[in-house]
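**Q** Sequence plus predicted model, see below.
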Amino acid sequence: MKPLPGDEFGAPSAPQHTCGLTIHAPADEVWKWLVQIGQDRGGFYSYTFLENLVGADIHNTNEIRPEWQELKVGDTVRLGRDEGVIKLTVLAVEPGRALMLTYWGAFVLEPAPDGRSCRFLIRSRSVGKPLVRFIMSVVLDPLHFLMQRRMTLGIKELAEAKTPAERPLIPTTSDYVWFFSILRSGLLILIMLFARRWPGRLLTAVCLSALLTFVLYRFPPVPLTGIALAVFTLLILIWRVWPSRLPSPRPQNNGYEDVNRF
């Protein structure tokens, strides 16, 4: 795997994951948004309505603030307002190029040859014992993936904006539409699971759950994707569940009688 700044802080044998996207803005401009992350700074450019459900009190900014433009080794990046919340310590920083945080990983900007765009990479490593890593991968990693993806997309949107007026305040209306459409799909799948447990509906619910997972991981978080999935799930629910609610047709007599009853 391609070496990146910050690799020296992780065990070579530890499982790692690298994701990235291209931002059509100079690395120096992207850095101004990246270095601002933190609960008491510029936020995380992600779904604050989820972060604040646990009392994080995070508020994203859509402007570059001079007082947030410096991080040095040993500084902390807060995840929440309470003192007991885990803080991310800055392990290494290379202004305009790389930032390494404990418990998260390395944030790296790779300028393109023309200097007008860059690659934004995040490399994280799993820590702890195998059982802890397994629990984290099942319980926390999916949510972390969704939040981190929105953060990278948010930084991209802010850095690529041509004027301050074009900078979105994240989360946007589109984020709410997408999220609640996805949530509705999940609730419809649960209804199908518990409406009546017989193999056909159970198999359908499992297939829809797999589709939901695929859409979450492989499709961009835009309203069209969420709405299309919600409508499709609703139509499948009606097809699989509603017929059982209809009364069964009564058999017709056609004028014949069972003579054996006499």
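**A** Structure received.
**Q** For Leu4, the count of nearby residues, please.
**A** When neighbours are counted by other CB atoms under 10 Å, Leu4 registers 19. (C-beta placed from N, C-alpha, C; glycine too.)
**Q** before we move on, what SS does it have?
**A** Under the three-state scheme (DSSP: H, G, I helix; E, B strand; the rest coil), Leu4 adopts coil.
**Q** What's the separation between it and Arg123?
**A** In this structure, Leu4 and Arg123 are separated by 5 Å, where distance is defined by CB to CB, to the nearest Å.
**Q** What of His59?
**A** With distances taken as CB to CB, His59 is found 28 Å from Arg123.
**Q** Also Ala165?
**A** The separation that Ala165 has from Arg123, given CB to CB, amounts to 34 Å.
**Q** Met192 now?
**A** Plainly put, Met192 is 39 Å away from Arg123 if you go by CB to CB.
**Q** about what we covered before: give me the common contacts of Leu4 and Arg123.
**A** Residues touching both Leu4 and Arg123 by CB atoms under 8 Å, 6 or more residues apart in numbering: Thr18, Ala106, Val108.
**Q** Between Ala165 and Arg123, which is the more surrounded one?
**A** Remark: of Ala165 and Arg123, Arg123 carries more neighbours, 23 against 7, as counted by other CB under 10 Å.
**Q** Which of the three states applies to the more buried one?
**A** Arg123 - assigned by three-state DSSP - is strand.
**Q** isn't it right up against Leu101?
**A** No. At 11.3 Å, Arg123 does not count as touching Leu101 under the criterion of CB atoms under 8 Å.
**Q** does Ala228 belong to a helix or a strand, and which?
**A** Here Ala228, judged by DSSP states H and E, is contained in helix 223-241.
**Q** for Leu212, same thing?
**A** helix 199-218.
**Q** What is the neighbour count of Ile58?
**A** A count of nearby residues for Ile58, using other CB under 10 Å, gives 24.
**Q** from memory it sits against Phe49, does it?
**A** No. The pair Ile58 / Phe49 is not scored as a contact, 10.0 Å apart, by CB under 8 Å.
**Q** tell me the domain ranges of this structure?
**A** Dividing the chain into domains by automatic domain parsing, as the record does, gives the ranges 17-166, 173-244.
**Q** May I see these arranged in JSON lines, with mean pLDDT and distance to Phe9 as well?
**A** Listed next are the domains of the chain as JSON lines, based on pLDDT from 0 to 100; distance: least, CB to CB, whole Å:
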{"stretch": "domain 17-166", "mean pLDDT": "91", "distance to Phe9": "5"}
{"stretch": "domain 173-244", "mean pLDDT": "89", "distance to Phe9": "27"}
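**Q** Let me know which of those is the nearest to Glu8.
**A** Taking CB to CB as the measure, the domains of the chain were each checked against Glu8, and domain 17-166 came out nearest at 8.4 Å.
**Q** What backbone torsions are found at Ala98?
**A** Here is the backbone geometry of Ala98 (degrees, to the nearest 10): phi -150, psi 150.
**Q** Tell me which residues touch the closest residue to it other than its chain neighbours, please.
**A** Across the structure, with CB to CB, 6 or more residues apart in numbering as the measure, the residue nearest Ala98 apart from its sequence neighbours is Pro5 (3.9 Å). Counting by CB under 8 Å, 6+ apart, Pro5 touches Ala92, Glu94, Arg97, Ala98, Met100, Ala106, Val108.
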